[in-house]
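Engineer: Show me how the following folds:
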Amino acid sequence: QVQLVESGGGLVQAGGSLRLSCVVSGRTFSAYAMGWFRQAPGKEREFVAAIRWSGGSTDYADSVKGRFTISRDNAKNTVFLQMNSLKPEDTAAYYCASERRAGGLGSSAADDYNYWGQGTQVTVSS
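Structural biologist: The predicted structure follows:
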């Protein structure tokens, strides 16, 4: 079966950095766009970043542009989220997701993804 396993979350001070990783197994990783989403307590899940199946294009939420970078290593079935200049409002559980259809560009809509990881917690202290 398809599995997505995130890692790299933790507690960091404002202004610090973290790098999240997500390893995918059970499907042809390189054929699918990948996304990162987050959900804070009491809030809806929101789009963070997405990357095309080939890695050639990316998309970001306005709130993280210039601070976060999504990348992928298709040889290692892994997608990354480098988070710099972290703010307390970045505190959330972060989820990676694999798009429903092969060959996608990386959607910002959660419904376009059909496989999700279990999440990794990121906490930014002020």
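
Engineer: Can you tell me who the closest residue to Ala40 other than its chain neighbours pairs with across the strands?
Structural biologist: Counting by C-beta to C-beta, 6 or more residues apart in numbering, Ala40 lies nearest to Ala92, which is 4.2 Å off, once chain neighbours are set aside. Using the backbone N, CA and C atoms, a C-beta is placed for each residue, glycine as well. Counting by DSSP bridges, Ala92 forms beta bridges with Val122.

Engineer: for Arg19, same thing?
Structural biologist: Assessed by DSSP bridges, Arg19 has beta-bridge partners Gln82.

Engineer: just checking, it touches Val79?
Structural biologist: No. When contacts are counted by C-beta atoms under 8 Å, Arg19 is not listed as touching Val79 (11.3 Å).

Engineer: surely the residue nearest to Ala40 meets Gly42?
Structural biologist: No. Using C-beta under 8 Å, Ala92 makes no contact with Gly42, being 10.8 Å away.

Engineer: who's more crowded, the two?
Structural biologist: Ala92 (22 against 5; other C-beta atoms under 10 Å).

Engineer: OK, contacts around the more buried one?
Structural biologist: Contact partners of Ala92, counting by C-beta atoms under 8 Å, 6 or more residues apart in numbering, are Arg38, Gln39, Ala40, Lys43, Gln121, Val122.

Engineer: Buried among those? Need that as a selection in ChimeraX.
Structural biologist: A single ChimeraX command suffices to select whichever of the contacts of Ala92 are buried according to 16 or more other C-beta atoms under 10 Å:
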select :38,122
